[in-house]
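K.L.:
next come a sequence and a model predicted from it.
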Amino acid sequence: MKEFWSVFKHGISIENPLTVLMIGLCATLAVSTQVEGSLAMSVAVIFVLVMSNVLISAFRKFIPVEVRIPIFIVIIASFVTIVDLFLKAFSPDIYAVLGIWIPLIVVNCIILGRAEAFAYHNTVLLSIADGLGMGLGYTLVIVGMAFIREFFGTGQVKVMGATVLSMPSGYQGPNILLLFPGAFIVFGFIIALMRWLNDRSAARKEA
Amino acid sequence: MSEDIEKPRLIVASSPHIVAPTTCREIMLWVVGALAPAAIWSMVAMGVPAIVTYAACIGSAVITEAAWNAIAKKPQSLSDCSAVVTGLLLAMCMPPMTPWWMSAIAGFIAIALGKMIFGGLGWNLFNPALVGRAFVVMSWAGVLSKLPNKGWFATLDVAGTKGLDAISGATRLAIASADRAAAGGYGYDLVAQYRPLLFKNLEGSLGEVSAALVILGGIVLIVKGIIDWRIPAGYIGAMGLLSWAFGSDPVFHVLAGGVLLGAFFMATDYVSSPMTKNGRLVYGIGCGVFNAVGRFFGPMPETTTFAILFMNGLAPLIDKAFVPRTFGWVKRDEE
């Protein structure tokens, strides 16, 4: 169980897929303009990541090394298709916001990367921990980015049509936050913050 | 970190080994001096709003640098005057009627995101003033394009504008661009614009008030050896040639907009431009090409900012391509 927690925590902090491994960035930069869309995207990623990790680690003894990548892709694509059809059927609004980024989870480096680097060599239980940890790490960063971009860019945060938080009226947010340069700037600061936190906890452990 | 190392007895350093007594501060003051005539004339011509813009840009740039150094516990670097130059240049590429808070944000972004975050002067990848301007242009394009400008009614006699202090309207470049889109349908006379553009142009940014004074400042800097003639020559040359090739008036396109300020004062920034001589020429030409292409085919009437920022990004690559031949070496035979 101790190993489970340590793998889980790695995904959030020192092996965070976005700020440390820096994989799967395109979808992150594109989707993180809205808190709502980012939450939905995170749920989709967590689902696909955990399920594909489970399946791949369960079958790791049977998957031949030579053709492992095509097999991973087939497994991942099946789960992505499930999410895609599910969202299309049950929440068309969110589907309209996320659009192409849901099917593109198939080629998201985080999922293939974890399959290759972790699930293929570890037990099912640890792979679940890895999927959940990585997924939560992803969620934390993308929702944080989306919050900063939506709140300061548009002056309000909307979830499910209700305004959760808003700036005083007359606020004119910098539009750049909603564009790609803004995504890169905000992301850069989040990386810096995560590095600082990781360094601090590492220093504390040593002391 | 360097404190840990014992003081070396033999100093090994890369070239240059001959050090001139010129300091960073001296060069920056020369740049301020060269910009001063154009800046002062723009304040005289535009009045209070211009002074507010200058004060907001320079003030916030200086305060940001001081505050950053204080918070990051770094030695105070205000005395090299580079923050003043950044603020001044930034103000000169802003329209005079810019709201003061926007100028202040531009100054903050220019220093914080354009310079200090990379480690301060000498480490920045892009020209800080242009970073500040790009941020503001992309953030509040709607606000900026609706700013009133002061001199428009004086140059073109539009019915119903006599006696107004200021109206909102397009700059000469925007009119020229609309005229081009209408295939000369408005009959906009470009040659007649030389004189106002050279001496007193009250539309557009503060640095566009007098092209003549900007050229004067640029020539002073070239004669003093502070900037390399290759960058402005390449820039202005490419801009003029391409404008002519695209079937427009080259002199108008060099005088109007931000080309002169950009060519003499922005593109020549030591840190963000190439170091090699041929590289500088290529870099200048690149700025001119992108500026002209952007101006003629892009969605915005003026693209100096983005042309220079783009070439800033390419500068390290340009340097790599133009490594000078080491003295005494011969070119290797390519077999």
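P.N.:
Now that the structure is in, tell me what you want to look at. Treat the numbers as computed from the prediction; the structure is a model and nothing was measured.

K.L.:
with B:Ala192 as the reference, measure out to B:Ile236.
P.N.:
Computed as Cβ to Cβ, to the nearest Å, the B:Ile236 to B:Ala192 distance reads 21 Å. C-betas here are computed from N, CA, C, even on glycine.

K.L.:
how near is A:Ile94 to chain B?
P.N.:
Distance of A:Ile94 to chain B, given as Cβ to the nearest Cβ, to the nearest Å: 28 Å.

K.L.:
how about that residue: what's its closest non-neighbour residue?
P.N.:
Distance criterion Cβ to Cβ, 6 or more residues apart in numbering or on different chains; nearest residue to A:Ile94, sequence neighbours excluded, is A:Ala40 at 4.6 Å.

K.L.:
what's near enough to touch that neighbour?
P.N.:
By Cβ atoms under 8 Å, 6 or more residues apart in numbering or on different chains, A:Ala40 lies in contact with A:87, A:91, A:94, A:97-98.

K.L.:
what's the helix or strand for it?
P.N.:
Following DSSP states H and E, one finds A:Ala40 within helix A:35-58.

K.L.:
on that earlier part again, who has more neighbours out of B:Ile236 and B:Ala192?
P.N.:
Just comparing B:Ile236 and B:Ala192: by other Cβ atoms under 10 Å in any protein chain shown the higher neighbour count belongs to B:Ile236, 24 against 10.

K.L.:
against B:Met275, how distant is the more buried one?
P.N.:
Remark: distance between B:Ile236 and B:Met275 (Cβ to Cβ) = 21 Å.

K.L.:
are any of the contacts of A:Ala40 buried, and if so which?
P.N.:
Neighbour counting over the contacts of A:Ala40 (16 or more other Cβ atoms under 10 Å in any protein chain shown) leaves A:87, A:94, A:97-98 as the buried ones.

K.L.:
so B:Pro301 sits against B:Leu173, correct?
P.N.:
Yes: in this structure, B:Pro301 is within contact of B:Leu173 by Cβ atoms under 8 Å, at 4.6 Å.

K.L.:
shared neighbours of those two, anything?
P.N.:
Joint contacts of B:Pro301 and B:Leu173 (Cβ under 8 Å, 6+ apart) are B:257, B:295.

K.L.:
the more surrounded of those two?
P.N.:
B:Leu173 (23 against 20).

K.L.:
state the distance from the most far-flung residue of chain A relative to its centre to B:Trp101.
P.N.:
Distance from the centre of chain A peaks at A:Gly170, with 33.6 Å (Cα atoms, centre = their mean). A:Gly170 sits 12 Å away from B:Trp101, taking Cβ to Cβ as the criterion.

K.L.:
residues making contact with stretch B:96-107?
P.N.:
Stretch B:96-107 has contacts (Cβ under 8 Å, 6+ apart) with A:174, B:42, B:46, B:49-50, B:52-53, B:56-61, B:64, B:86-87, B:90-91, B:94, B:132-133, B:135-136, B:140, B:143-144, B:147-150, B:166, B:205-206.

K.L.:
tell me the contacts of the closest residue to chain A within chain B?
P.N.:
Going by Cβ to the nearest Cβ, chain A is nearest to B:Ser139 of chain B, at 3.4 Å. Residues in contact with B:Ser139 (Cβ under 8 Å, 6+ apart) are A:173-177.

K.L.:
kindly recompute the last result at 10 Å.
P.N.:
Counting by Cβ atoms under 10 Å, 6 or more residues apart in numbering or on different chains, B:Ser139 makes contact with A:153, A:172-179, A:181-182, B:102, B:105-106, B:109.

K.L.:
which of those residues tops the neighbour count?
P.N.:
The contacts of B:Ser139, ranked by neighbours (other Cβ under 10 Å): first place B:Ala106, 32 neighbours.

K.L.:
what strand or helix carries that one?
P.N.:
helix B:100-112.

K.L.:
following element in sequence after that helix, please.
P.N.:
helix B:128-139.

K.L.:
kindly export whichever helix or strand comes after that next one (C-alpha atoms) in CSV.
P.N.:
Per DSSP H and E, the first helix or strand lying C-terminal to helix B:128-139 is helix B:141-145. What follows is helix B:141-145, C-alpha atoms only, in CSV (Å, rounded to 0.1, in the frame of the first residue of the first chain):
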residue,chain,number,x,y,z
ALA,B,141,-7.0,45.7,-29.6
GLY,B,142,-10.6,46.8,-29.4
VAL,B,143,-9.8,49.7,-27.0
LEU,B,144,-6.7,50.8,-28.9
SER,B,145,-8.4,51.0,-32.3
